[in-house]
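**Student:** curious how this folds, go ahead:
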Amino acid sequence: MKKITLALPILLSLLLLSACAAPTNEERAEAERPDWIDHAQNKYPSEVYLTAVGEASSRTRASKNAIANLVEIFSVRVKAETKTLTEAVKQESVLGVTLESSSTLHRNIETESEQAIQGVEIKESWLSPTGEYYALAVLHRISAAQNLTESIIGLDEQTAELIDYSINVAPNSIVAVNALRTARDIQITRKMADLQLNYMSGSGIPIDVSSEKIEQLIRQQLASLQVSVDSTSSESHAGTVKAGLSRLGVTVVEASPLQISAMMDITKPAYIDAWYWLRGSYELTITENGQAISRKRWSIKVSAKQKELLAPRLQDKVNSRMNEYLQQLISDSPTL
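**Tutor:** Predicted structure coming up:
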């Protein structure tokens with residue numbers, strides 16, 4: 001009986017020591033956790049590689065998340081620069097960045113970013129004891145720099161072709177202005193690609209024809225235009241169009257092969273929830289020697305508590321958006 005009494009404390013002590021010595025699941029997971037998850041630069045130096053880690057419940061999703069995170073790191077600065085630049089163009093450019101050119105611009109920049117990271121690879125992956133997958137996306141900076149360099153050269157070639165087309169080939173002045181606007185937007189995309197290249201390699205590629213220089217060509221082209229406004233348009237609409245053209249730097253004359261006409265198509269006022277509503281569309285058409293070369297239409301609507309306020313509010317709305325309408329008519333891709 002005494003032997004059992006003596007052995008019990010010893011056994012309990014051994015069990016306690018054993019429990020203290022055995023690592024927990026968390027400790028085992030931490031010990032097995034690869035260094036690249038938190039310190040990828042130890043194996044893939046940041047001056048040579050761009051890296052990002054992704055985490056998910058499957059290896060495929062973790063890899064996709066890693067690539068998405070790398071793209072985000074790669075493009076976050078460029079996105080900020082893009083917003084700043086497009087806002088500057090809106091304020092400083094005679095044609096600004098229209099709805100069409102803005103969407104094209106962002107699409108082009110996204111395309112260039114995708115091409116730049118075509119060499120991205122999933123170099124490492126790991127399944128944690130808790131069932132989470134980790135993946136490491138790696139992009140060699142030299143590979144990305146080569147892709148960007150090729151893109152920039154291609155963008156410069158497109159710009160040169162568009163300027164030549166505008167000056168020597170375009171069938172009419174509106175198409176010529178549109179080609180210059182496209183060339184300017186391409187150079188904005190090129191500027192973004194050059195920022196990415198500078199981020200990847202530490203240096204960019206000198207610009208032959210900047211977006212600012214193309215902007216000067218656009219102003220010269222607009223200043224050379226002489227446009228008349230259709231006399232059958234209402235006096236208020238005609239006056240608004242003439243004022244808008246003058247703000248663009250276009251010379252307005254009594255008679256010209258180039259003529260702009262305005263048309264408004266309005267439904268009957270509707271009375272809804274104690275408000276009068278007026279809906280319809282506003283259309284501008286530009287013709288050359290009697291042949292329509294571009295036509296744009298926009299939806300418009302106004303509301304008022306008093307029915308008699310609808311007409312003046314409608315005119316105010318058209319007046320406030322005339323610059324935007326004319327920019328799209330003259331510089332966006334011609335539509336009929």
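**Student:** show me where the stretch 201-336 of the chain has its strands.
**Tutor:** For the stretch 201-336 of the chain, the strands defined by DSSP state E, counting those that start in this stretch occupy 226-229, 251-252, 258-266, 270-272, 275-288, 291-304.
**Student:** mind checking which of those strands is nearest residue 72?
**Tutor:** With respect to residue 72, and counting by C-beta to C-beta, the nearest of those is strand 291-304 at 35.5 Å. Bear in mind the C-beta positions are built from the backbone N, C-alpha and C, glycine included.
**Student:** name the residues of the closest one that come out as buried.
**Tutor:** 293, 294, 295, 296, 300, 302, 303, 304 (16 or more other C-beta atoms under 10 Å).
**Student:** who wins for proximity to residue 170 among the strands of the stretch 201-336 of the chain?
**Tutor:** Across those, residue 170 has its closest neighbour in strand 291-304 (10.9 Å, C-beta to C-beta).
**Student:** for the closest one, packing partners?
**Tutor:** The elements that strand 291-304 packs onto, with contact taken as 3 or more C-beta pairs under 8 Å, 6 or more residues apart in numbering; DSSP states H and E, are helix 173-201, strand 275-288, helix 310-331.
**Student:** show me the contacts for residue 131.
**Tutor:** Applying C-beta atoms under 8 Å, 6 or more residues apart in numbering, we find residue 131 in contact with residue 57.
**Student:** could I get the full set of strands for the stretch 51-200 of the chain?
**Tutor:** Going by DSSP E, counting those that start in this stretch, the stretch 51-200 of the chain shows strands at 121-127, 133-140.
**Student:** measure how far the longest one is from the centre of its chain, please.
**Tutor:** Using C-alpha atoms, centre = their mean, to the nearest Å, the mean C-alpha position of strand 133-140 is found 26 Å from that of the whole chain.
**Student:** ok, now the shortest one?
**Tutor:** If you compare the mean C-alpha spot of strand 121-127 with that of the full chain, they lie 31 Å apart, counting by C-alpha atoms, centre = their mean.
**Student:** sheet partners, orientation included, of it?
**Tutor:** Paired neighbours of strand 121-127 in the sheet (DSSP bridges): strand 133-140 (antiparallel).
**Student:** in the strand it pairs with, which residues are buried?
**Tutor:** For strand 133-140, the neighbour count (16+ other C-beta under 10 Å) marks 133, 134, 135, 136, 137, 138, 139, 140 as buried.
**Student:** so which of the residues you listed comes closest to residue 101?
**Tutor:** Each of the buried residues of strand 133-140 was checked against residue 101 using C-beta to C-beta; the closest is residue 139, at 30.0 Å.
**Student:** do you know how far that closest one is from residue 118?
**Tutor:** For residue 139, the distance to residue 118 (C-beta to C-beta, to the nearest Å) stands at 9 Å.
**Student:** returning to that earlier point: got TSV for the buried residues of strand 291-304, with pLDDT and distance to residue 252 too?
**Tutor:** Formatted as TSV, those follow (pLDDT from 0 to 100; distance: C-beta to C-beta, whole Å):
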residue	pLDDT	distance to residue 252
293	90	18
294	89	18
295	92	20
296	92	19
300	93	24
302	95	27
303	95	33
304	95	32
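**Student:** quick one: which of the residues you listed is nearest to residue 59?
**Tutor:** residue 296 (50.3 Å).
**Student:** which residues touch the closest one?
**Tutor:** 283, 284, 325, 328, 329, 332, 335.
**Student:** I'd guessed the fifth one sits against residue 261; true?
**Tutor:** No. Judged on C-beta atoms under 8 Å, residue 329 makes no contact with residue 261 at a distance of 11.0 Å.
**Student:** identify the contacts common to these two.
**Tutor:** In contact with both residue 329 and residue 261: residue 284, using C-beta under 8 Å, 6+ apart.
**Student:** could I get the helices and strands packed on strand 291-304 as CSV with distance to residue 226, mean pLDDT and mean neighbour count?
**Tutor:** Formatted as CSV, the helices and strands packed on strand 291-304 follow (distance: least, C-beta to C-beta, whole Å; pLDDT from 0 to 100; neighbours: other C-beta atoms under 10 Å):
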stretch, distance to residue 226, mean pLDDT, mean neighbour count
helix 173-201, 10, 89, 23
strand 275-288, 12, 94, 17
helix 310-331, 14, 90, 18
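**Student:** looking at these, which is closest to residue 245?
**Tutor:** For those, the distance to residue 245 is smallest for helix 310-331, at 6.4 Å, taking C-beta to C-beta.
**Student:** so that closest one versus strand 258-266, what angle?
**Tutor:** Helix 310-331 runs at 140 degrees relative to strand 258-266, counting by axes from the mean of the first three to the mean of the last three C-alpha atoms, to 10 degrees.
**Student:** run through the protein and note the low-pLDDT ranges.
**Tutor:** 1-31, 77, 98-100, 233-236 (pLDDT under 70).
**Student:** grab the longest helix from it for me.
**Tutor:** Ordering each helix of the chain by length in residues (DSSP state H) puts helix 59-92 first.
**Student:** list the buried residues for it?
**Tutor:** Buried, per 16+ other C-beta under 10 Å, within helix 59-92: 59, 62-67, 69-71, 74-75, 78, 81-82, 85-86, 89.
**Student:** done for today, thanks.
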